[in-house]
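Participant: predicted model and sequence follow; I will ask about them next.
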Amino acid sequence: GLQNESKNISVKDKILLIDKLSNCGFNRIEVASFVSPKWIPQMADCDLVLNGLTRNESISYSALTPNLMGLEKALLSQVNEVAIFASASESFSKANINCSIKESIERFVPLMKLAKEHSLPVRGYVSCVTDCPYEGFVSPESVQMVASRLIDLGCYEVSLGETLGGASQQQIEVLLENILKYIPAKQLAGHFHDTKEFALENIKIALDYGLRTFDTSVGGLGGCPYAPGASGNVATEAVVKLLKKLGYRTKLDEESINLVALFAKSLIGK
């Protein structure tokens, strides 16, 4: 979630944040994004962060790798898995990664080949699964097409990104009704931003449809530089509280996560 913060966060503080999260019971933590520092300056020190972590052997530390160069850098930093991202909206794809949806998928072919050679698991993201800041409505069919293509390429899981954080429960129901005809729930994850504070209700809908993996951001950090007005991903601590309330079991230490959330917010003066 730090990619959207204008205030520079030091390598030391980034490492400290991740090390604190490593003691909370998570299976996976996404810790870096090997994107161009020209466009996302906050991510310029990813290699230093990864190399400075006190790694918990039970955790898979992952990084976003939008292209082959990003993957090569991630391999040098010894990540446990990587993630690639595409959009269900043509306009957002061009704004976010400067190419069409078709071109973005084609770029991933050599990346997937290299990841396979290194036995590195790859996760996929699809952004703008209900609405786009430039186009408005995004059809469930477009989302399904992109998600299925990522699965076909070899992604073990695809995260459905509600990038603007304003989708209604009905929109999420329609989306999942469509996509679950083609991809089983065990291969899908929910990624809800919380701009209009709908994220927790939408997670409840996704749980009802069988999804069991959700991307969260401690302290509700983040947002997307290319989605003006959208807030950060739903706060980890809020989702943990919700799951507990609904009777779901997790390995997570709620008290520890609440303390890390306070630390995360202090880093950005929030």
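Facilitator: All right, it came through fine.
Participant: now for residue 242, how many residues are close by?
Facilitator: 18 (other Cβ atoms under 10 Å). Just so you know, the C-beta spots here come from the backbone N, C-alpha and C atoms, and that holds for glycine as well.
Participant: give me the pLDDT value at the closest residue to residue 45 other than its chain neighbours.
Facilitator: Leaving aside its chain neighbours, residue 45 sits nearest to residue 11 (5.1 Å; criterion: Cβ to Cβ, 6 or more residues apart in numbering). Residue 11 carries a pLDDT value of 96.
Participant: just give me the neighbour total for residue 11.
Facilitator: 15.
Participant: contacts for stretch 178-185, please.
Facilitator: With contacts defined as Cβ atoms under 8 Å, 6 or more residues apart in numbering, stretch 178-185 is touched by 140-141, 143-144, 147-148, 151, 158, 160, 188, 209-212.
Participant: same question for stretch 140-155.
Facilitator: By Cβ under 8 Å, 6+ apart, stretch 140-155 touches 84, 86-89, 101, 105, 108-109, 112, 115-116, 122-124, 126, 129, 158, 160, 174-175, 177-179, 181-183, 187-188.
Participant: identify each buried residue in the helix or strand where residue 173 lies, please.
Facilitator: In the assignment (DSSP states H and E), residue 173 maps to helix 169-179. Under the neighbour-count criterion of 16 or more other Cβ atoms under 10 Å, helix 169-179 has 171, 172, 175, 176, 179 buried.
Participant: avg pLDDT for that helix?
Facilitator: Here helix 169-179 scores 98 as its mean pLDDT.
Participant: now render the buried residues of helix 169-179 as CSV, adding distance to residue 23.
Facilitator: Below are those laid out as CSV (distance: Cβ to Cβ, whole Å):
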residue, distance to residue 23
171, 37
172, 32
175, 35
176, 33
179, 35
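Participant: ok, so of these, who is nearest residue 239?
Facilitator: Distance to residue 239 across the buried residues of helix 169-179 (Cβ to Cβ) is lowest for residue 172, with 15.2 Å.
Participant: what is the least confident helix or strand in this protein?
Facilitator: In the chain, the helix or strand scored least confidently by mean pLDDT, DSSP states H and E is helix 90-97, which has a mean of 80.
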